[in-house]
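1. Need coordinates for the below:
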Amino acid sequence: IDEVIYYSMGSWEWDEMLLHIERIKRDIPSSIKFTELGDEEELQEGFKRWGFPNFMIRWCTGMKSSTLKKHLKQNYKKGEYLQYLGIASDEVERSEKKWAKPHYRFPLIEWGITEEQALEYCYSNGYDWGGIYEELDGKRMSCWCCPLQRIGDLRNLYFNHPDLWERLEDMQRRNKLADFFKQGVSVHELTKRFERETAQQLLFKV
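-> Just a heads-up that it's a prediction; the model follows:
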């Protein structure tokens with residue numbers, strides 16, 4: 001590996017992920033170049049223009065992809081580089097799509113390593129992301145404000161990270177284009193749902 005490329009989603013990243021990346025920068029050999037891509041201004045402009053991403057319009061993913069392609073075009077000759085992606089062996093179908101060939105390799109699939117095994121390996125080497133994976137039902141650390149995450153992960157955000165939930169409510173107030181969650185559910189409606197759940201839990205305790 002000659003270069004490690006990380007695309008940062010800026011203020012949408014978990015603090016735990018940002019700390020993890022700082023550790024990676026320190027730990028990788030000096031012979032490997034570390035490149036961080038991403039533009040906070042572009043991110044906020046995208047949100048202002050398109051609102052929350054959804055299953056049909058994943059503009060944030062498109063932003064990552066176009067930035068990476070631009071970086072590769074500027075720094076490498078076409079066909080003279082090979083990209084390694086960390087798709088695990090329990091998602092082989094993702095590696096079989098047209099975009100995945102011929103300039104990609106998938107080491108975890110080649111070695112038969114699942115997502116769970118990869119996480120265990122990271123833990124055994126001291127990479128624990130501040131324990132955030134233990135909070136997440138889906139065991140996936142996307143952006144904390146991602147509307148495509150599981151309802152259990154949003155519940156965790158509401159109960160365990162009220163500061164982030166407050167920021168998410170503010171994003172919903174500023175976003176006039178679309179509601180946040182699936183089937184037109186807004187952040188404010190999710191707040192009411194979790195408030196009802198809290199009331200029910202207190203009732204059962206009594």
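2. Skipping adjacent residues, who's closest to the residue nearest the centre of the chain in space?
-> With distances taken as Cα atoms, centre = their mean, S142 lies nearest the centre of the chain, 2.1 Å away. In this structure, S142 finds its nearest non-sequential neighbour in Q149, 5.8 Å apart by Cβ to Cβ, 6 or more residues apart in numbering. All C-beta atoms are positioned from the backbone trio N, CA, C, and that covers glycine.
3. shouldn't the one you found be in contact with M141?
-> No: Q149 sits out of contact with M141 when judged by Cβ atoms under 8 Å, with a separation of 9.5 Å.
4. and after the strand or helix carrying E36, which helix or strand comes next?
-> In the assignment (DSSP states H and E), E36 maps to strand 33-37. Once strand 33-37 ends, the next helix or strand along the chain (criterion: DSSP H and E) is helix 40-50.
5. Going by residue numbers, what spans are strands in the chain?
-> 3-7, 33-37, 83-84, 104-105 (DSSP state E).
6. quick one, which of those strands is nearest to S65?
-> With Cβ to Cβ, the closest approach to S65 among those belongs to strand 3-7: 9.1 Å.
7. what's the burial count for T67?
-> Other residues within reach of T67, judged by other Cβ atoms under 10 Å, total 16.
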